[in-house]
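Novice: predicted structure and sequence below. I'll ask about it afterward.
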Amino acid sequence: MKKFIITAGGTSERIDNVRKITNSSSGKLGMLIADCLLKERNDILIYYVCSKNSLRPSDDRVHVLEVEGTLDLKNTLEDLLLSNEINYFIHSMAVSDYMTDFVTNLSNIKESITKSSNIDEAFIITSLKKPNFSDNLLDKLLIICEINGINPIICLTKKDLLTKKEWKKLKKVINYYKKLGYKVVYNNQISKIKKMFKNKTTVFTGQTGAGKSTLMNRLDKNLNFETNEISEALGRGKHTTRYVTLVPLNKGKVLDTPGFSALDLSEYNDEDIRDAFVEFKKNKCKYKNCMHINEKECKVKKEVGKTILSSRYENYKKLLEKR
């Protein structure tokens, strides 16, 4: 089966929380291309990325993914290209040749938040299923918190979707993070979570579709943040939060941020990443400045699979290998 990405329609860029600038592209060209491909061959799957009001084909072989602005388009295309073996990419969308300051400021929003000296703690909203639990993404966020001196709190969501067998397997992993000293809460512990905000500035962060906006709505019933279903085509959440919202909550402040499915740590050096793995510090290695990769008698390596979770160590190696 051949897999295609086709983009159609036009992007719209926000000026502020109310106004947008857009164009009148109808998506006719993209739909025409898709229709021709669908008529010519049966063994085809099309990821049709388009604007909300764009024309679109109606066929079981077409997965429609709606986007709003340029940043939303970029994130969706990255998600598709990372999670699927795409054979062809046809770009017919009328993308604006500018971005407003409102949108441009979003591109570095996560980095600017984590570096802010005003942030006391970070709620890492982590889905256990739909989207599936990602220890790699969780470890990356914990690294950022450790390096920037921010207290991380792991908030688990969608436990109710797990089977008993799935929960039994994941529970061992979650207990390991607890043993490391990380606070772990569940999204149904509303009273407990609210108490954590008092006299603090807290940032909500995590992957798309993990339930950040849903949790915010439950924490404050006056809020009405947009939520969305999980994209079956992507196997992960759709981007609903597109800007940072500061919410006063229980005598504290909470920053709700846009979600993401990938995270870049290139600004940190190897030593920063190594030192952010708290279990490495507990297992003092006899080698000075040991990176715990190639040294034969490294104590950290000897503890992998014993006191050090194997998946954590593998994530550490992958982070250094990709640099």
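Specialist: Thanks, I have the structure now. Quick caveat, the model's predicted, so the values are computed rather than measured.
Novice: any regions of the protein where pLDDT drops low?
Specialist: The model of the chain has pLDDT under 70 over residues 16-18, 83, 97-117, 224-245, 258-263, 323.
Novice: so in terms of bridging, what pairs with the residue most central in space within it?
Specialist: For the chain, the residue sitting closest to the mean C-alpha position, by CA atoms, centre = their mean, is residue 207 at 2.3 Å. Listed by DSSP bridges, the beta-bridge partners for residue 207 are residue 260.
Novice: I'd assumed residue 127 was in contact with it.
Specialist: Yes - at 6.6 Å, residue 207 and residue 127 qualify as touching, with contact defined as CB atoms under 8 Å. In short, each C-beta sits where N, CA and C put it, glycine included.
Novice: any chance you could map the strands in the stretch 151-300 of the chain?
Specialist: 151-157, 183-186, 201-206, 230-231, 236-237, 245-249, 252-256 (DSSP state E, counting those that start in this stretch).
Novice: run through who's touching the helix or strand where residue 49 lies.
Specialist: Assessed by DSSP states H and E, residue 49 sits inside strand 44-51. Identification of contacts with strand 44-51 by CB atoms under 8 Å, 6 or more residues apart in numbering yields 1-12, 22, 25, 27, 30, 34, 37-38, 56-57, 59, 61-68, 73, 76-77, 80, 84, 86, 93, 233.
Novice: ok, residue 213 to residue 299 distance?
Specialist: Applying CB to CB, to the nearest Å, the value for residue 213 to residue 299 is 43 Å.
Novice: neighbour-wise, which of those two wins?
Specialist: Using other CB atoms under 10 Å as the criterion, residue 213 and residue 299 rank with residue 213 on top: 23 against 15.
Novice: quick check: the more buried one touching residue 257?
Specialist: No - the criterion here is CB under 8 Å, and residue 213 misses it with residue 257 at 10.5 Å.
Novice: burial measure for residue 160, as a count.
Specialist: Neighbour count for residue 160, taken as other CB under 10 Å: 11.
Novice: name every strand pairing with the strand holding residue 49 and say which way it goes.
Specialist: Taking DSSP bridges as the criterion, strand 44-51 pairs within the sheet with strand 2-8 (parallel), strand 62-67 (parallel).
Novice: what's the closest of those to residue 160?
Specialist: For those, proximity to residue 160 was assessed by CB to CB; strand 62-67 is nearest, at 26.4 Å.
Novice: keeping just the C-alphas, turn that closest one into PDB.
Specialist: Coordinates of the C-alpha atoms in strand 62-67 are reproduced here as PDB (Å, rounded to 0.1, in the frame of the first residue of the first chain):
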ATOM      1  CA  VAL A  62      -8.800   9.100   3.300                       C
ATOM      2  CA  HIS A  63      -7.900  10.300   6.800                       C
ATOM      3  CA  VAL A  64      -8.800  13.900   7.200                       C
ATOM      4  CA  LEU A  65      -6.600  16.000   9.600                       C
ATOM      5  CA  GLU A  66      -7.800  19.600  10.200                       C
ATOM      6  CA  VAL A  67      -5.200  22.300  11.000                       C
END
